[in-house]
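Trainee: fold the following, please.
(2 chains)
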There are 2 protein chains.
Amino acid sequence: MKAIGFKKSFDLKETNEFEELDLPIPEPSRREILVNVKAASINPVDTKLRTTNEGEFKVLGYDAVGVVEAVGDEVELFHVGDEVYYSGSNMRQGSNAEYQLVDERLVGIKPEHLSYAETAALPLTALTAFEALIEGLSISTNPEDNKDKKLLIINGAGGVGSIATQIAKNLGLTVITTASRKETRRWSEEMGADIVLNHKHHLLDELKAHKINEVDYIFNTHSSDAYFNVMAEMIKPRGRIVALVNFMDKVNLNLLKDKSVTFSFEFMFTRPKYETDDMQAHHEYLRKLTYLLDRGTIKTTLHTKLKGLSVESVTEAHRLIEEGKTIGKIVIEY
Amino acid sequence: MKAIGFKKSFDLKETNEFEELDLPIPEPSRREILVNVKAASINPVDTKLRTTNEGEFKVLGYDAVGVVEAVGDEVELFHVGDEVYYSGSNMRQGSNAEYQLVDERLVGIKPEHLSYAETAALPLTALTAFEALIEGLSISTNPEDNKDKKLLIINGAGGVGSIATQIAKNLGLTVITTASRKETRRWSEEMGADIVLNHKHHLLDELKAHKINEVDYIFNTHSSDAYFNVMAEMIKPRGRIVALVNFMDKVNLNLLKDKSVTFSFEFMFTRPKYETDDMQAHHEYLRKLTYLLDRGTIKTTLHTKLKGLSVESVTEAHRLIEEGKTIGKIVIEY
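Mentor: Next comes the predicted model:
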């Protein structure tokens, strides 16, 4: 099978170590399924792993849609021929290949009404958003409980921000996002943002201009260091903050003490990496996502589509992510 | 009325600035009630405020039981003659006085079957424990949900640890505490601890000796700095940590990232200080506490009883707290 990967981590500005190899098609065992990948999206985690990993030939790609080609002997949830989608595990070879193995507990049935490319845009970011909102922020899944609650999403037009906005609106929250360019503001509004703040200005001033002094929840999908202090200012007493990105520096956590604030990290690979007892939560979240997508309640966050699995398309996707100006998601259709 | 307080913050090892004054009995307005205080307990917050506050004559005391003497014109929950208990607000004069004003939303009806001293031991620590467990750690109030869940309480024999152990057992959790002396171990077991670890040893090794590798929840009632690293080691993926004490140093929060851990501060005065919309949560928690106490499901954490409101008794209580070896709670009966 064709696979795009690399052996030594590298800086794309200086060189390109991506190469195409012909690898044997792997065989599923136990709860693994073998998927013939039809499309994959590229996420910031791909570029991060490209610059931090060393060693064996490494295939990246942590979003996929495809068709089940074979199943392990303990597989219960899927059959050969099922169309499925998933993010998978950062501990395995990724989806930048014609075939991939994935644990069935991390997989969902593909929505019927979306194309492969539209579907591939979603699993990693949607799983991140569901976990961040429902577990990290402990937001009720009953919209009645949330009608007076305000959520701030920092970087509303990014991959995670785009789907988190839609899921949060579906949960009944008032959603405030941040963006600065005209096209990112418009995109975030299309995703359902009620208010878009300009993150080039002081966010609390921006918020107060809308006669809002504080928010119940903050989902920071951008730099944890850059926003920590202003999040501590904007959050309501007993409010909750969730973040995706490691800090560069140590943190003055006491800023959260007086208001009894909760801070969570959201790392979507925690369950697959630790193979937690409840890793099938990813299957359940994707089932919910499929339901919402097929009803048209939420829509794909696909923005940029590249054609064909190749060194060129994977390289181009990495370049776009590293420019830091992507809107929604970048997908490669195989 | 008699009140014990001080004007300038001081170190008890060097001097004693506590004095008795005769102050006018305050008058309740709006949602305030005036309480004739019958007993009060002393908490670490008293000694902390004694050494950090300056200025006007300050009356400490953040636990009280007594009889309602008068009510403000908007009071709905209580009548003159009701026996009540509460922690109150750190923004007001405290309970080391014959009479005290308190917002009725922070007050509960005293349990019938407990003495004044037994009751005075409880509100601040129980409110702290309820908020930390149910809000900070998002523990379900349905014991069925918790039967496979493990909670570690650091410093099980302290005031908060003693009541938190009982509340957590009532919520159906397996409770692991820490203690080192023979009498604190025995006290923590009396409060319901299933396992008591010796905090003089490495806590993870201690835990593993009981064939347990990780816990779902950690409630750290002791030094946040001293236990941060070991908490990061002991906590389960997607687990939750709550802490009471400010850090002395900045924190390497990234230790919580890989496991998607949630960290909360619990500060019982957040609601009264910010006068949050939901500050009546304290009334509700105390209602629940009264129910559990009157059924005998949980018991008082009173350990040491001092007689009479005086400079001597308040001083003695502060001394005992500052020695750092208290078991359960210290109460002054007026």
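
Trainee: please determine whether the helix or strand where A:Thr125 lies lies in contact with chain B.
Mentor: Element membership for A:Thr125 (DSSP states H and E) is helix A:123-130. No: if you take C-beta under 8 Å from any C-beta of the partner chain as the test, helix A:123-130 misses chain B, and the best it gets is 10.2 Å. Using the backbone N, CA and C atoms, a C-beta is placed for each residue, glycine as well.

Trainee: just how off-centre is that helix within its chain?
Mentor: 4 Å (C-alpha atoms, centre = their mean, to the nearest Å).

Trainee: following that helix, which helix or strand shows up next?
Mentor: Scanning forward in sequence from helix A:123-130 by DSSP H and E, the next helix or strand is strand A:150-154.

Trainee: name the residues that touch that following strand?
Mentor: Under the contact criterion C-beta atoms under 8 Å, 6 or more residues apart in numbering or on different chains, strand A:150-154 has outside partners A:133, A:137, A:139, A:161, A:164-165, A:168, A:173-178, A:193, A:197, A:199, A:203, A:207, A:212, A:215-222, A:227, A:234.

Trainee: ok, now which ones touch A:Asn142?
Mentor: If you count contacts by C-beta under 8 Å, 6+ apart, A:Asn142 has none.

Trainee: can you tell me how far it is from chain B?
Mentor: Between A:Asn142 and chain B the computed distance is 15 Å (C-beta to the nearest C-beta, to the nearest Å).

Trainee: and that residue, what pLDDT?
Mentor: Confidence at A:Asn142, expressed as pLDDT, is 97.

Trainee: in helices only, show me the contacts of strand A:150-154.
Mentor: Mapping these onto helices (DSSP state H) picks out A:161, A:164-165, A:168, A:203, A:207, A:227, A:234.

Trainee: returning to that earlier point: show me what the helix holding A:Thr125 is packed up against.
Mentor: helix A:159-170, helix A:281-294 (3 or more C-beta pairs under 8 Å, 6 or more residues apart in numbering or on different chains; DSSP states H and E).

Trainee: quick one, which of the ones you listed is nearest to chain B?
Mentor: Each of the helices and strands packed on helix A:123-130 has some distance to chain B by C-beta to the nearest C-beta; the shortest is helix A:281-294, at 9.1 Å.

Trainee: for the residue most central in space within chain A, what are its contacts?
Mentor: The residue lying closest to the centre of chain A (C-alpha atoms, centre = their mean) is A:Thr125, at 1.9 Å. By C-beta under 8 Å, 6+ apart, A:Thr125 lies in contact with A:43, A:159-160, A:162-164, A:301, A:329.

Trainee: repeat that for 7 Å
Mentor: Residues in contact with A:Thr125 (C-beta atoms under 7 Å, 6 or more residues apart in numbering or on different chains) are A:159-160, A:163, A:301, A:329.

Trainee: any idea how far it is from A:Ile321?
Mentor: Going from A:Thr125 to A:Ile321 by C-beta to C-beta, to the nearest Å gives 13 Å.

Trainee: on that earlier part again, PyMOL command to pick out the buried ones of the ones in helices among the contacts of strand A:150-154?
Mentor: Of the ones in helices among the contacts of strand A:150-154, the buried ones go into a single PyMOL selection, burial set by 16 or more other C-beta atoms under 10 Å in any protein chain shown:
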select buried, chain A and resi 161+164+165+168+203+207+227+234
